[in-house]
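Q: Quick one, what's the 3D model for this:
(chains A and B)
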Protein chains: 2
Amino acid sequence: MSSVVEQLEAALPRSEVSTDADVAQTYATDQAGFCRAGRAAAVVRARSVDSVQAVMRIASATGTPVVPRGAGTGLSGGANAVDGCIVLCLEKMDRILELDPSTRLARVEPGVLNGSLDRAARAHGLMYAPDPASRNISTIGGNVATNAGGACCLKYGVTRDHIARLVAVLADGSLIRTGADTVKNVAGLDLTSLLVGSEGTLAVVVEVGARLMPARPACGTMVAQFADLASAGRAIVELAGPRNLSKLEIMDRTTVRAVEAIANMDLDTSAAALLLAQVDTVDAPAIMAATEATCEALGATFVATTLDEREGELFMRARAMALPALEKQGHCLLDDVAVTIPRVPDLLELCAAVAERHQVTVGTFGHAGDGNLHPTLVYDAREPGQEAAALAAFDDIVAGTLKLGGSVTGEHGVGMLKRPHLARMLGERELGLMRGIKGVFDPGGILNPGKAY
Amino acid sequence: MSSVVEQLEAALPRSEVSTDADVAQTYATDQAGFCRAGRAAAVVRARSVDSVQAVMRIASATGTPVVPRGAGTGLSGGANAVDGCIVLCLEKMDRILELDPSTRLARVEPGVLNGSLDRAARAHGLMYAPDPASRNISTIGGNVATNAGGACCLKYGVTRDHIARLVAVLADGSLIRTGADTVKNVAGLDLTSLLVGSEGTLAVVVEVGARLMPARPACGTMVAQFADLASAGRAIVELAGPRNLSKLEIMDRTTVRAVEAIANMDLDTSAAALLLAQVDTVDAPAIMAATEATCEALGATFVATTLDEREGELFMRARAMALPALEKQGHCLLDDVAVTIPRVPDLLELCAAVAERHQVTVGTFGHAGDGNLHPTLVYDAREPGQEAAALAAFDDIVAGTLKLGGSVTGEHGVGMLKRPHLARMLGERELGLMRGIKGVFDPGGILNPGKAY
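A: Next up, the predicted model:
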């Protein structure tokens, strides 16, 4: 019997299989910290559905674990290699197979970058709505695996809401087709929604049928500064609901200072928090005026509004730099928690209190308008005790979020990083159902073992 | 060992269990024709989660089939009794447990009518968006079971898009909680989306966490008449896309004539089709003007527009009467098929051609704007051959829809009526996965056997 590697080399085009240690190292992890990565037996950079099927047949026959991955921009270790596995990389399957403006549907391979699909759609006056911050470097396949979110979710929903159909390869190498192109479809169980967010544990997605929608330029953008977190929190509660904003983002003082340190944008580094709001409807002037008035009434120390799209993009640039800027300050442990809108002020307060209690730096930024924040612990790993303090703070933030009735992960997925927390959020019965469903798709347990649920 | 009925009577409040033959008959079917109904051993009208759990424990221990049902307004036989089963009726669990305007979430028991929840929401300036035509008589639990649609789905999506959380009882009587209140949540597989549309085959939903949204009055309504179906079809393709309409409905000549016959609304019974469009945004005047211009350019023989909400409701009344009016003309066999928007003209043509070929009356109406139509076969069951012709026409319409790349059911569900057609739409592998998932939730196969997939 030949080895797994020999079988892969015999079945696949030569250029798709690598056993090089450096290559294996490159594909061993995603962007998450604190997650163990194993040593892969081989890396397959598949270029066709046939190759993916061949990999799964060999893996199934030999009981070899398979870790599917896109661009590796994940933030919870969901794409980390396990010992002896095949890393199945889909980034070379990067063709837009079809983009039909009349049905507003695109068929794409999983390795297409989110931003590439969006740009192709915009050439037809359309857009692909889900907008993770990674959109220019993350793949649609990876977005589907984690049900990726973004800033526009308060208005347009998450990845799952924009996926019509999937083609996927099961553990045994067979191909399935889920969903329908139609807006409405109740023909059987919703396997499409089940695969979205399943973090590579059920099947390998090889084609995505994505829904596009009419592109809407940002017609109004507001930036508001607050002297204290509580006022910013109250403004979020007021604004997130009825205003039909397309984005409502927050950056706290730590984040603002980090951005100002690298970008020199004349941000007020004495402000406790900065809110950024955007609207994409024709009544933008009225909405922006009301939004500004709300912020002023709630004690904003500074408010500026623009109805110019390009100026609006400049306003939003500070937010886009939040994570890279914090990463300049030290090691970062990025969290991803979600609460209902009325609980956002409590979550902001919780993050500040945890920072104080553990004497660690927490830069909190994120999607205030949908309740999904990214408190980020910044520390110096060389200083004794700092890493332990950061980890303890991380746990406290997640535990506090659960007490607020929230979710342990809003958009990054469970991966390896949040597994202990998932078990605190879900009951044994619900986890058992998830594992039972996995058993139906992947009886041998070879697909991304040790991840998610 | 006591009988199932004796066990139910011992475990449940006296008033909840009935073995009366008339009661069993009343709860034996939903509104679908052509679906066999068996004879239930007992009808349980549960008033509490405890009762539902007790029923499932007894059913599980005795291998007794359970058919859950709400108000019985289903249109595909999904709630039909099977021989010896327990019909588990949830309509008495009809309390709105909580309605929180700040989170825009409602917790309701499954027997709450869709319209009751919507009215309760409107008292707070909110609405429950999914609007099946049955909303004043159908329950949220039934809506969840079939992933019910409605007229506003082209803009607001279907039931699944508005369900945050579910509490459900599994076949063995255990209770599960799925989903989260937060807008974003990727903590494990999406069991909520899986249960929505599962037609009572996986679990019995005992509490629904529904998302509400700001209520929006209809700011503009248009009615347009066309002398031929092809022109109406072209108008649908033009209007369904970029206009941000909240409703776009069609009635063909047969339907218009049926409505006029009972309602005397001064409808033009010579028109081949009538389109009704509504918009609920502040730019209604501009949108309505453009919509009117489009219809005129495409040959509409008459167009009227109103910006008055009440007058708009009067315009829409004709559409609400479509099915009751057709039912006055004879026996009805209501279909439910969906295609992509560019295929709507082909589907309209298909329905007309099928009527011609089988020499049966077809009244076609429905949600043109999302591609979900209800061609309705009207016949006299006492005339020899008419019923057979209607059934043959029904099959032809579904088969033709599949050829157009559509779905065999857009919003009514598979139930019993569409089971043969489902197998033509899905592959064996996909059906096998659905049955495997059912096995995880309901290993004994007691929940609504013989329905859906």
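
Q: Pull the number of nearby residues for A:Ala325.
A: By the criterion of other C-beta atoms under 10 Å in any protein chain shown, A:Ala325 has 23 neighbours. (C-beta placed from N, C-alpha, C; glycine too.)

Q: Look up how far A:Glu260 lies from it.
A: To A:Glu260, A:Ala325 is 8 Å away according to C-beta to C-beta, to the nearest Å.

Q: Then A:Gly312?
A: 20 Å.

Q: of those two, who's got more company?
A: Each of A:Gly312 and A:Glu260 has its neighbours counted (other C-beta under 10 Å); A:Gly312 has more, 24 against 17.

Q: Correct me if wrong: that one contacts A:Ala304.
A: No. Applying C-beta atoms under 8 Å, one finds A:Gly312 not in contact with A:Ala304, separated by 10.7 Å.

Q: how about A:Gly376, secondary structure?
A: Just so we're on the same page, residue A:376 is Thr rather than Gly. strand (DSSP: H, G, I helix; E, B strand; the rest coil).

Q: Contact partners for it?
A: A:Thr376 makes contacts with A:255, A:323, A:326, A:332-335, A:362-365, as judged by C-beta atoms under 8 Å, 6 or more residues apart in numbering or on different chains.

Q: Same check on A:Gly115?
A: A:Gly115 sits in contact with A:135-137, where contact means C-beta under 8 Å, 6+ apart.

Q: again, but for A:Asp335
A: A:373-377, A:394, A:397-398.

Q: Please name the nearest non-neighbouring residue to it.
A: Among residues not flanking A:Asp335 along the chain, A:Pro375 sits closest, at 4.8 Å (C-beta to C-beta, 6 or more residues apart in numbering or on different chains).

Q: From A:Lys184, how far off is the one you found?
A: 39 Å.

Q: follow-up on the earlier one: for the contacts of A:Gly115, which one is nearest chain B?
A: A:Arg135 (16.1 Å; C-beta to the nearest C-beta).

Q: for that closest one, helix, strand, or coil?
A: A:Arg135 ends up coil, using three-state DSSP.

Q: What is the burial count for it?
A: Applying other C-beta under 10 Å, I find that A:Arg135 has 20 neighbouring residues.

Q: From what I see, it and A:Ser116 are in contact.
A: No. Proximity of A:Arg135 to A:Ser116 does not meet the contact threshold set by C-beta under 8 Å, at 9.3 Å.

Q: As a check, name the ranges of all helices in the stretch 301-450 of chain A.
A: According to DSSP state H, counting those that start in this stretch, the stretch 301-450 of chain A carries its helices in the segments A:309-320, A:322-327, A:344-358, A:386-403, A:419-425, A:428-441.

Q: quick one, which of those helices is nearest to A:Gly209?
A: Evaluated over the helices of the stretch 301-450 of chain A, closeness to A:Gly209 peaks at helix A:428-441, with 19.3 Å, by C-beta to C-beta.

Q: Chain B contacts on the stretch 201-350 of chain A?
A: Where the stretch 201-350 of chain A comes near chain B, counting by C-beta under 8 Å from any C-beta of the partner chain, the residues are A:202, A:214, A:237, A:241-242, A:244, A:281-283, A:338-342.

Q: what do you get if the cut-off is 10 Å, keeping everything else the same?
A: A:201-203, A:213-214, A:216, A:237, A:240-244, A:281-283, A:286-287, A:336-343 (C-beta under 10 Å from any C-beta of the partner chain).

Q: Show the buried residues in these.
A: A:201-203, A:216, A:237, A:240-241, A:243-244, A:281, A:287, A:336-343 (16 or more other C-beta atoms under 10 Å in any protein chain shown).

Q: thinking again about what came up before, in terms of neighbours, single out the busier of A:Pro375 and A:Lys184.
A: Using other C-beta under 10 Å, the more surrounded residue of A:Pro375 and A:Lys184 is A:Pro375, with 30 against 26.

Q: Can you name the residues that contact the more buried one?
A: A:252, A:254-255, A:333-337, A:347-348, A:350-352, A:354-355, A:362-366, A:393-394, A:397-398, A:400-401 (C-beta atoms under 10 Å, 6 or more residues apart in numbering or on different chains).

Q: which of the contacts of A:Thr376 lies closest to chain B?
A: Out of the contacts of A:Thr376, the member with the shortest distance to chain B (by C-beta to the nearest C-beta) is A:Asp335, at 13.6 Å.

Q: Would you mind measuring from that closest one to A:Ala148?
A: Relative to A:Ala148, and taking C-beta to C-beta, A:Asp335 is found at 16 Å.

Q: same thing with A:Gly241?
A: 24 Å.

Q: Got phi/psi on the nearest residue to A:Asn147 once chain neighbours are set aside?
A: Among residues not flanking A:Asn147 along the chain, A:Gly197 sits closest, at 3.4 Å (C-beta to C-beta, 6+ apart). Main-chain dihedrals, A:Gly197, degrees, to the nearest 10: phi 90, psi 10.
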